[in-house]
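K.L.:
Sequence first, then the predicted structure:
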Amino acid sequence: MKQPKTAKQLTFTYFSIVAFAIIVFHFSMFESLVEDIELIYAKNRMFKDKDVAMTLLEGTDLKHVVVPPFTNVYVGIGSVPEGVVFASNIAADRPYELDKRSTMDLETFSMRFDVVLNGQKKDLYLLHYDDVYELSEEQIFQTQTTQLALSLLLLVISLWVVMRISNRLTKPLSQLSQRLHAHNSDTLSAISLPEGSVTREILHLVDRLNHYQDQIRELVKRERAFNRYASHELRTPLMVIKGAATLLAKSDSKVFLERQRVRIAQACQEMEDYISTLLSLTREEDLGALTYRAVGQEELGAIRQAHLGYVIGPEVQVDIVHEGVVMTRLPVAALHILVGNVLKNALACTDQGKVTIKLSNNTLSVIDTGCGLKGKPGGDSYGLGLMIVRDLCSKYHCSFTLTDNLMSKEGRHGCTAKVVFPVSDTPN
């Protein structure tokens, strides 16, 4: 594969082509202009010499006269010297250079006139050669040669200036390319601006590259979080299913079998919700396409019932308090995971007292009377469960806070986990 050229090489090549084209055009125009001036001069001169020759030939039998200082006039083609060969397409009243087969100087101009001489139609041939003009033409070309040398010197200087400018403009891009080449697949840090004259385009390019870096870093973070969350959160329902499957073989009681079937169904539903929610965290989603819905008491009751198995102490009560309406765009599975993990965390930290799920306008709070933020939870879902809650809140533009409550008379204070849904999600 052909190696692509650098920006400097392209600049040098394009500039050289343009400079060469300008020089060729200049000299082509100059040569054409000199020839046109010479032709116009010869034509005007021979028109004047024709009138003089007519005066000299009228009333005589002469076939050749000289009109000083540069023109010879011949009457009829037969009187023209043998070494003279006219152009094949010679027409009257127009100047031509002699044909290349002529033995005379090719810079001689010829012209034919149809005239009436001594009462008869005659062909008058004029040959014009001005050595002074030819000498002047050589001097003009010498002058142009000097101008060419100066033009070449100016082009060299201009090329040096262009290369310097090109170097300053392409240096940041070259440095940026080297930095990108030095980045490996595990390096997702922000790319710094290169040194030198940073243009608006370079600034925009670096900004877009860093934006893509952020997107890739966020995607990698989501994938790693999914692996971490999935391996942790799916372990509990799998253990439930495994335990229920073992118990199914130990009893033929329809009530016992139905209870195990319900446990397996709930565990399967929990796994499905987790997988659906965790996968949604790893992909982009059009939140505007999601519709509003109200969080009802039956939905919260189902979440509470599904997590009563996490109650550590026998004296823990789980209540639901409605003080307002919460409208949200969160999918059902995502809301169940969010509320379930907050409730699971509260139950893991509470061995005595109660846990209250409270709904108010735009806010869902889970209040417990447990060990507080500085205490040691009794369950195993304290860390990752709240990380999932924070990720869900970030994705769906909710705010999540976890604060200690005031100390109670019994010396326990507990925590309040609060999820505030976007104001735009509430009905007008």
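P.N.:
Great, that's in hand. Numbers count the residues shown, from 1 in each chain.
K.L.:
Please compute how far whatever helix or strand Leu173 lives in lies from its chain's middle.
P.N.:
Assessed by DSSP states H and E, Leu173 sits inside helix 131-182. Centre-to-centre, helix 131-182 and its host chain are 33 Å apart (Cα atoms, centre = their mean, to the nearest Å).
K.L.:
Looking at stretch 238-255 now, give me its mean pLDDT.
P.N.:
The average pLDDT within stretch 238-255 is 78.
K.L.:
hey, C-alpha coordinates of it in PDB?
P.N.:
The C-alpha trace of stretch 238-255 is given here as PDB (Å, rounded to 0.1, in the frame of the first residue of the first chain):
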ATOM      1  CA  LEU A 238     -30.400 -18.600  42.500                       C
ATOM      2  CA  MET A 239     -29.800 -19.900  46.100                       C
ATOM      3  CA  VAL A 240     -33.600 -19.600  46.700                       C
ATOM      4  CA  ILE A 241     -34.400 -21.600  43.500                       C
ATOM      5  CA  LYS A 242     -31.700 -24.200  44.400                       C
ATOM      6  CA  GLY A 243     -33.100 -24.600  48.000                       C
ATOM      7  CA  ALA A 244     -36.700 -24.800  46.800                       C
ATOM      8  CA  ALA A 245     -35.800 -27.400  44.200                       C
ATOM      9  CA  THR A 246     -34.100 -29.500  46.900                       C
ATOM     10  CA  LEU A 247     -37.100 -29.200  49.200                       C
ATOM     11  CA  LEU A 248     -39.500 -30.300  46.500                       C
ATOM     12  CA  ALA A 249     -38.100 -33.800  46.600                       C
ATOM     13  CA  LYS A 250     -38.700 -34.100  50.400                       C
ATOM     14  CA  SER A 251     -42.500 -33.700  50.700                       C
ATOM     15  CA  ASP A 252     -45.600 -34.600  48.800                       C
ATOM     16  CA  SER A 253     -47.800 -32.000  50.600                       C
ATOM     17  CA  LYS A 254     -49.700 -29.800  48.100                       C
ATOM     18  CA  VAL A 255     -49.400 -26.800  50.500                       C
END
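K.L.:
what residues does that stretch touch?
P.N.:
With contact meaning Cβ atoms under 8 Å, 6 or more residues apart in numbering, stretch 238-255 is reached by Phe256, Leu257, Gln260, Arg261, Arg263, Ile264, Gln266, Ala267, Cys268, Met271. (Each C-beta comes from the backbone N, C-alpha and C, glycine too.)
K.L.:
In PyMOL, select just the buried ones from these.
P.N.:
Here is the PyMOL selection string for the buried members of the contacts of stretch 238-255, based on 16 or more other Cβ atoms under 10 Å:
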select buried, resi 260+263+264+266+267+271
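K.L.:
Okay, and which of the contacts of stretch 238-255 map to helices?
P.N.:
Phe256, Leu257, Gln260, Arg261, Arg263, Ile264, Gln266, Ala267, Cys268, Met271 (DSSP state H).
K.L.:
now the helices for the stretch 251-400 of the chain?
P.N.:
Using DSSP state H, counting those that start in this stretch, the helices of the stretch 251-400 of the chain run over residues 254-281, 297-306, 332-348, 382-395.
K.L.:
Could you say which of those helices is packed most deeply?
P.N.:
helix 332-348 (a mean of 24; mean count of other Cβ atoms under 10 Å).
K.L.:
Give me the angle between that helix and helix 254-281.
P.N.:
In terms of direction (axes from the mean of the first three to the mean of the last three Cα atoms, to 10 degrees), helix 332-348 departs from helix 254-281 by 110 degrees.
K.L.:
Can you work out which other helices and strands pack against helix 332-348?
P.N.:
Other elements packing on helix 332-348 under the criterion 3 or more Cβ pairs under 8 Å, 6 or more residues apart in numbering; DSSP states H and E are helix 254-281, helix 297-306, strand 316-322, strand 353-360, strand 363-368, helix 382-395, strand 415-420.
K.L.:
Now tabulate these in JSON lines and tack on distance to Leu219.
P.N.:
Below are those laid out as JSON lines (distance: least, Cβ to Cβ, whole Å):
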{"stretch": "helix 254-281", "distance to Leu219": "11"}
{"stretch": "helix 297-306", "distance to Leu219": "30"}
{"stretch": "strand 316-322", "distance to Leu219": "37"}
{"stretch": "strand 353-360", "distance to Leu219": "34"}
{"stretch": "strand 363-368", "distance to Leu219": "29"}
{"stretch": "helix 382-395", "distance to Leu219": "13"}
{"stretch": "strand 415-420", "distance to Leu219": "25"}
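K.L.:
Mind checking the ones you listed for the one nearest to Pro331?
P.N.:
Among those, helix 254-281 comes nearest to Pro331, with 7.2 Å by Cβ to Cβ.
K.L.:
okay, the angle between the closest one and helix 297-306?
P.N.:
110 degrees.
K.L.:
Ser102: what's it in contact with?
P.N.:
Gly83, Val84, Val85, Thr108.
K.L.:
pLDDT score assigned to the residue lying closest to the first one once chain neighbours are set aside?
P.N.:
Residue nearest to Gly83 in three dimensions, not counting chain neighbours: Thr103, with 3.5 Å by Cβ to Cβ, 6 or more residues apart in numbering. Here the pLDDT value assigned to Thr103 is 79.
K.L.:
quick thing: my sequence starts at 47, can you match it?
P.N.:
Shifting the count to begin at 47 puts that one at Thr149.
K.L.:
Determine the three-state secondary structure at Thr149.
P.N.:
Thr149 falls in the coil class when you classify it by DSSP: H, G, I helix; E, B strand; the rest coil.
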